[in-house]
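*Asks:* Fold the stuff below for me.
(2 chains)
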Amino acid sequence: GESVGLHLPTLSVQEGDNSIINCAYSNSASDYFIWYKQESGKGPQFIIDIRSNMDKRQGQRVTVLLNKTVKHLSLQIAATQPGDSAVYFCAEIARDSSYKLIFGSGTRLLVRP
Amino acid sequence: DVKVTQSSRYLVKRTGEKVFLECVQDMDHENMFWYRQDPGLGLRLIYFSYDVKMKEKGDIPEGYSVSREKKERFSLILESASTNQTSMYLCASSFSGNQPQHFGDGTRLSIL
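*Replies:* Numbering: from 1, shown residues only, chains lettered A, B, ... in the order given. Prediction:
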């Protein structure tokens, strides 16, 4: 399938290593954040979310960290697998715009066997 | 699991045609959305709906309209297709404003 973005930042990791994907957001009114994974030829798939009253949330092999002071979000993937290769997007929803997701530009994760 | 189904994976139409893209969700979600995704431009919101027969413009509504006659179905209409509307179109739904949006697998539309 076609790539979802040209010249996306790319993170290349060895299979089995941990991956950290970063995202900066600009709207201090944002109070809900989501990470999506998009594989080639598919729509974005929900991975994990976090609300602004939390700093950290864990899922299965994934952890999201939120630093409101510097408006930074990160997604940590433990023991990265070939199936994790995809483009990852962060998205935010502002308190005063509860329907509108603002998407980051995405990061391509490549897992080396 | 939430399922958002878009009626076509690939579609080829001609300039000037009226094009309908259909989306159905099976989780009784209140909100539904249409995006387009283009390389280098990311996902851009075209229209959304927070209730039956309700619609709101997104960031790039020009050249598009929508219809939501039933809660589970949200249609995107290209009134007179143009080549700059060649894109990947993604439908999404969510239970409420502060809940995750769930996406379909997209319709890759080519306008010749």
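
*Asks:* what about the chain, any weak spots by pLDDT?
*Replies:* Defaulting to chain A. Applying pLDDT under 70 to chain A flags the ranges A:1-7, A:97-98.

*Asks:* Sorry, I should have been clearer: chain B.
*Replies:* By pLDDT under 70, the weakly predicted segments of chain B are B:1-2.

*Asks:* 80 instead?
*Replies:* Scanning chain B for pLDDT under 80 picks out the ranges B:1-2, B:97.

*Asks:* Tell me where it has strands.
*Replies:* Using DSSP state E, the strands found in chain B span residues B:4-6, B:10-13, B:19-25, B:31-38, B:42-49, B:56-57, B:64-70, B:73-78, B:87-94, B:102-103, B:107-111.

*Asks:* Can you list the buried residues in the last one?
*Replies:* Taking 16 or more other Cβ atoms under 10 Å in any protein chain shown as the basis for neighbour counts, the residues of strand B:107-111 that come out buried are B:Thr107, B:Arg108, B:Leu109, B:Ile111. No exception for glycine: its C-beta is placed from N, CA and C like everyone else's.

*Asks:* who are the neighbours in contact with the first one?
*Replies:* For B:Thr107, the residues meeting the contact criterion (Cβ atoms under 8 Å, 6 or more residues apart in numbering or on different chains) are B:Gln6, B:Ser7, B:Ser8, B:Arg9, B:Tyr10, B:Leu11, B:Leu21, B:Met88, B:Tyr89.

*Asks:* Quick check: closest non-adjacent residue to the third one.
*Replies:* Right, the one you point to is B:Ser8. B:Thr107 (5.1 Å; Cβ to Cβ, 6 or more residues apart in numbering or on different chains).

*Asks:* how far away is that neighbour from A:Phe46?
*Replies:* From B:Thr107 over to A:Phe46 the distance is 20 Å, taken as Cβ to Cβ, to the nearest Å.

*Asks:* which residue is nearest the middle of chain B?
*Replies:* Nearest to the geometric centre of chain B sits B:Trp34, at 2.9 Å (Cα atoms, centre = their mean).

*Asks:* Is any residue of stretch A:103-113 near chain B?
*Replies:* Yes. Using Cβ under 8 Å from any Cβ of the partner chain, stretch A:103-113 reaches chain B at A:Phe103, A:Gly104, A:Ser105, A:Gly106.

*Asks:* And the closest residue to B:Lys18 other than its chain neighbours, how far from B:Glu22?
*Replies:* What sits nearest to B:Lys18 in space, not counting adjacent residues and going by Cβ to Cβ, 6+ apart, is B:Glu79, at 6.2 Å. From B:Glu79 over to B:Glu22 the distance is 16 Å, taken as Cβ to Cβ.

*Asks:* out of these two, which sits in the more crowded spot?
*Replies:* Between B:Glu79 and B:Glu22, counting by other Cβ atoms under 10 Å in any protein chain shown, B:Glu22 is the more crowded of the two (15 against 12).
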